[in-house]
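[1] next input, structure requested:
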Amino acid sequence: MPSDPEQPSPATPFVPEVPDGSRGGLLERDPELAAAAHAVGELVAGAAAGGPVRGGILVYRGEAGIGKTTLLGEIRRTAGDRCTVLTARGGETLTSVPFHVTRQLLQPALDRFDEEDVRLLFGDHFDLLAPALGLAPPPPPSAAPADPQGVRDGLAKLLGRLADRLRDRPPVLLVDDAHWADAESLAWLDAFTRIRRDRRLPALVVLAHRPLAEGPHRTGVPAVLAALADRAVVTLGLHALTLGATAALARETLGGHADEPFCRELWTVTSGNPYETVELLAKARDRMLEPVAGSASLLRGLGAEARGGGLVARLEELGVGPTRLAWTIAVLGADSTPGLLASLTGTGQPEVAEHTELLRQARIVTTRADREARTGPAAKPGQDSATTGPGAGGDPAATTPEGSAHLEFAHPLIASAVYGSMSPAARTALHGRAAWALTAAGHGPAAISRHLLEVHPDEDEEVVRQLRAAAVEHLAVGAPDAARRCLERALAEPPAPDSYARVLYELGCASLLTAPAATVRHLSSALDLPGLDDDLRIDATYRLAQALAHNNQLREAARVLAAEAVRTPPGTDRRRLQAANFMYEGFQAVEEDGPGRSRRLADLTANFTGADNSERALLTVRGFDAMMRGEPADEVVRLCDLALVDGIPARGLGWTDATWGFEIPALTGIAYAFSDRPDRAGILFTEAVRAFEISGWSGAHLAFAHTLLGLVHRRRGNLPRAQHYLEEGLRLADRVGDGLPVHWDTACLLVDTLVARGRTAEARSVADRYSFGPPWPGAIVLPDGPSVLGRLLLAEGRVEEAVATLEAAAEALVGRGRHHVVWAPWPLDLARALAPTDPDRAAGIAAGARAHAERIGTPTALGEALRCEAFLADPPESRRLLTEAVAHLAASPSRYEEARARLDLARLTGSPAALAEATALATACGASLLAADAVTARASSHPPE
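    Sure thing, here's the model as predicted:
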């Protein structure tokens, strides 16, 4: 406040929410300030000590006007001499602008570094991340959309590296009005604050927002804010001022003679709300109201002028020009530069300046310069604009001194009241004019789109074009929800009949990863309409099938592909549809005619040589199917080799190729892994991790790549390494969501790996956490889920349940002609489980397994089948079978299976040397229980004297 409250200067606006002249020692905010001081102190101390920086999350909640902004300003003031303070504010009309808050926070920090250092901070992902921050134009429309999870993770790592560079002044991020933050920015902060599981972040994140709605079913922004609060060091609610604090504020502002009745009425009228209290005191001072009991009755009327309709009436009293200017600021938001304001209000800049001064004196608006004079500069001019940077079509004025003259409302309550005071027609018209003014000023489609979302549909093809272009830019920066909003609005315009289906197609593609059900609806509609050329129709069908598969509708996915393949002339396009059709039919957990499908696939590919990608894709699907059926491994490997070019996926069939999808190279590697070629699988899967990381695909794709590497190490018998990759796969998948297909595959492999390690309790914990068991999903699980569950139940001693589970696996697989005894080892475990009670049936199952293993021909399959038969045979025959099994497994890549067979043979022979060898191999595999069994067997073979 001014030092002389009786003589306010009309040139300096009254500062709301700041209850004393020092702007420190806020009234009744000691606990909140103490929490901030402690958090900042911990942050600085950790940085100074050279150890881990002890940051975290601090959350302040409170109603509008309760003092959140002032509190953050004080934290900023006190932390500024020791920390790098970065600030941002959400905006009620800016929630649809992706990364608006992120840009406010990171752009000023990055401006501290030269171009070379900035590139180093971005690492290998400058091209992926810079467009999201407005530091580079988005990729061309032909580029694949950015993975939202990859962008979030990349920006989180960028902030982590930035914090390392700023270690001498560790960063403090202050986000005001976080309830109005854009979803993309909050998701980024959520990702960043999950970096360290011990909550020791390299920065302090302070959030201020209004109270969240109660209830367990929060979604969107409230859900993320609740999750951030759950991980916060402290969450504090801000309370209204007491009568005593209100009286102190009144006496400081109006004079020490303010009496008790006046102060009590002031407190009653404002309910102790700091903003309303300060604003009402300012009005009383302007009216030269004596702060005594006789004036108390006038406070209620003055208070009504400070909010809602009273504030609007006060605005209108200033005249048409200032009112129109205020409306324009409400619509433009952070883009409220003098030039744009003059353009939209139809006045010259002198008139804008005159009207601005009236609004400032009325405490309705302030300038950025005013705000920075109170709290210190937050960013370079223009850098908290929703449209900064070439990627967003930034305002040319944003890099000039004019940027410091950006206008903003003195308080969010005022902004809301002014925006809400406009008639719907006036508000819509002003958004439309803002869109064209921003276009003329050089802003890009993404920046303009937030205004076009608010205009009435009017069959305007230019609006449709701008919204479609904006959707492309949003997808390019990893904001598919923003793209979806633009395309939904474009459909409402609506587009011309000849482009309507194309917009539906674009909308379906935009929501593929985030809303499979919506994608199915949009793409189905697009295919039912005219307007898609042949190439788009094929692609729409392919993507529709992908969405159906992601939505656990594999049968419908296969049906859609088959129907379109019939209508498509022979050639590459038809083969593309056929490859996906056979793939999704084979992925189904239940299939009407599996053997028939396999015959049709074999006949189709019989003469293929891998001449083009469509042949290679079909050869891959054929190789995978042959592996599942237990056909000779040499034939499986031959098919997989034909599907590759020099041992790697052909150009256009890579891991990140949008035309064919990641499934094709994944099936090739899986077929190799179960054909005793884990070395070839490992090369493919290592490249998958590299390709996904380079492309910023850090969600389910990267999780699956880690799962596949876990499979490779499981097949090689490196159980600890397998467990590491599988647990990392689950961690990555958990960040994306629950119940994903990758969860089933990864949990299955991890359960199998933990059982092999002898960690049965841990395996059960994983199974329970991820609901691994019936009801099974509509897709097959990697490896066969019921077979692995049966193995877990046997390890737990639940033999009857295990037998029932394994028999169900047999019924499901035998009818489909799937006999791979390593992929689905149900016969090996079922035979052993039945041996004590039904040895004849057990022997028959074991003999069948051996026959299938001999057809497969891999050392692993043969060794496992022989070991199973040895379990049922008399000692001499068992010894012969085990000797043969060990020979096969020693020639295989499967060290764990070899260790089991060696231990069985050593126990039978009682050879100390053989027991020692089995112990060493089991230990090397990380099979602790197996190694312990071997040690016990060695001890029993050498009884103490």
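[2] excluding its backbone neighbours, what's nearest Asp498?
    Among residues not flanking Asp498 along the chain, Gly531 sits closest, at 5.5 Å (CB to CB, 6 or more residues apart in numbering). Where you see a C-beta, it was placed from the backbone N, CA and C, and this is true even at glycine.
[3] actually Val365, sorry about that
    Val365 sits nearest to Leu359 (CB to CB, 6+ apart), 4.3 Å away.
[4] how many neighbours does the one you found have?
    The number of residues packed near Leu359 is 25, by other CB atoms under 10 Å.
[5] for the helix or strand where it lies, buried residues please.
    Taking DSSP states H and E as the definition, Leu359 sits inside helix 349-361. Under the neighbour-count criterion of 16 or more other CB atoms under 10 Å, helix 349-361 has 351-352, 355-356, 358-361 buried.
[6] can you tell me which of these is nearest Ala501?
    Within the buried residues of helix 349-361, proximity to Ala501 (CB to CB) peaks at Val352, which comes in at 45.6 Å.
[7] from Ser336, how far off is the closest one?
    Distance of Val352 to Ser336, given as CB to CB, to the nearest Å: 10 Å.
[8] surely Asp335 is in contact with Ala435?
    No - counting by CB atoms under 8 Å, Asp335 stays clear of Ala435, with 11.1 Å between them.
[9] so for those two, which residue has more residues nearby?
    The residue with more neighbours, out of Asp335 and Ala435, is Asp335; 28 against 24, by other CB under 10 Å.
[10] the strands in the stretch 351-500 of the chain, which residues?
    365-367, 407-409 (DSSP state E, counting those that start in this stretch).
[11] what is the rounded mean pLDDT of the last one?
    For strand 407-409, the mean pLDDT works out to 88.
[12] packing partners for it?
    helix 320-332, strand 365-367, helix 368-375, helix 412-421 (3 or more CB pairs under 8 Å, 6 or more residues apart in numbering; DSSP states H and E).
[13] what ranges do the strands span in the stretch 101-250 of the chain?
    171-176, 204-209, 234-237.
[14] looking at these, which has the lowest confidence?
    strand 234-237 (a mean of 94).
[15] for that one, the distance to its chain's centre please.
    26 Å (CA atoms, centre = their mean, to the nearest Å).
[16] wait, doesn't Thr620 sit right on Ala643?
    Yes - assessed by CB under 8 Å, Thr620 is found in contact with Ala643 at 4.3 Å.
[17] joint contacts of those two?
    Taking CB atoms under 8 Å, 6 or more residues apart in numbering as the criterion, Thr620 and Ala643 both touch 664, 668.
[18] picking that back up, let me know which of the strands of the stretch 101-250 of the chain is the nearest to Ala223.
    strand 204-209 (13.0 Å).
[19] pretty sure Leu639 sits against Asp625.
    No - assessed by CB under 8 Å, Leu639 is found out of contact with Asp625, at 9.3 Å.
[20] skip the chain neighbours and tell me the closest residue to Arg818.
    Per CB to CB, 6+ apart, closest to Arg818 is Met628, 4.9 Å.
[21] now do the phi/psi pair for the one you found.
    phi -60, psi -30 (degrees, to the nearest 10).
[22] how many other residues sit next to it?
    Other residues close to Met628 by other CB under 10 Å number 25.
[23] from Pro595, how far out is it?
    Taking CB to CB, one finds Met628 at 12 Å from Pro595.
[24] ok, Thr668 next?
    Distance from Thr668 to Pro595, by CB to CB: 23 Å.
[25] look at those two and report which has more neighbours.
    Each of Thr668 and Pro595 has its neighbours counted (other CB under 10 Å); Thr668 has more, 28 against 13.
[26] what about the more buried one, distance to Gly623?
    With CB to CB as the criterion, Thr668 and Gly623 are 7 Å apart.
[27] Ala589 too?
    21 Å.
[28] so which of these two has more stuff around it?
    Gly623 (27 against 16).
[29] quick check: which element contains Ala602?
    Going by DSSP H and E, Ala602 is in helix 594-605.
[30] same question for Glu276.
    helix 274-286.
[31] can I get that helix in PDB, CA atoms only?
    Extracted in PDB, the C-alpha atoms of helix 274-286 (Å, rounded to 0.1, in the frame of the first residue of the first chain):
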ATOM      1  CA  PRO A 274      -8.500 -10.700   1.800                       C
ATOM      2  CA  TYR A 275      -9.100  -9.500  -1.800                       C
ATOM      3  CA  GLU A 276     -12.600  -8.300  -1.100                       C
ATOM      4  CA  THR A 277     -11.300  -6.600   2.100                       C
ATOM      5  CA  VAL A 278      -8.500  -4.800   0.400                       C
ATOM      6  CA  GLU A 279     -10.800  -3.800  -2.500                       C
ATOM      7  CA  LEU A 280     -13.500  -2.500  -0.200                       C
ATOM      8  CA  LEU A 281     -11.000  -0.500   1.900                       C
ATOM      9  CA  ALA A 282      -9.700   1.000  -1.300                       C
ATOM     10  CA  LYS A 283     -13.200   2.100  -2.200                       C
ATOM     11  CA  ALA A 284     -13.700   3.500   1.300                       C
ATOM     12  CA  ARG A 285     -10.500   5.400   0.900                       C
ATOM     13  CA  ASP A 286     -11.500   6.700  -2.500                       C
END
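[32] what comes up buried for whichever helix or strand comes after it?
    Sequence-wise, the next helix or strand downstream of helix 274-286 (DSSP H and E) is helix 299-305. Across helix 299-305, burial judged by 16+ other CB under 10 Å covers 299, 302-305.
[33] and the next helix or strand past helix 299-305?
    Counting by DSSP H and E, what follows helix 299-305 is helix 308-317.
[34] packing partners of that following helix?
    For helix 308-317, the packing partners by 3+ CB pairs under 8 Å, 6+ apart are helix 299-305, helix 320-332, helix 412-421.
[35] switch to 6 Å and redo it
    Helix 308-317 sits against helix 320-332, with contacts defined as 3 or more CB pairs under 6 Å, 6 or more residues apart in numbering; DSSP states H and E.
[36] need the helix or strand of the protein with the lowest average pLDDT.
    helix 368-375 (a mean of 61; mean pLDDT, DSSP states H and E).
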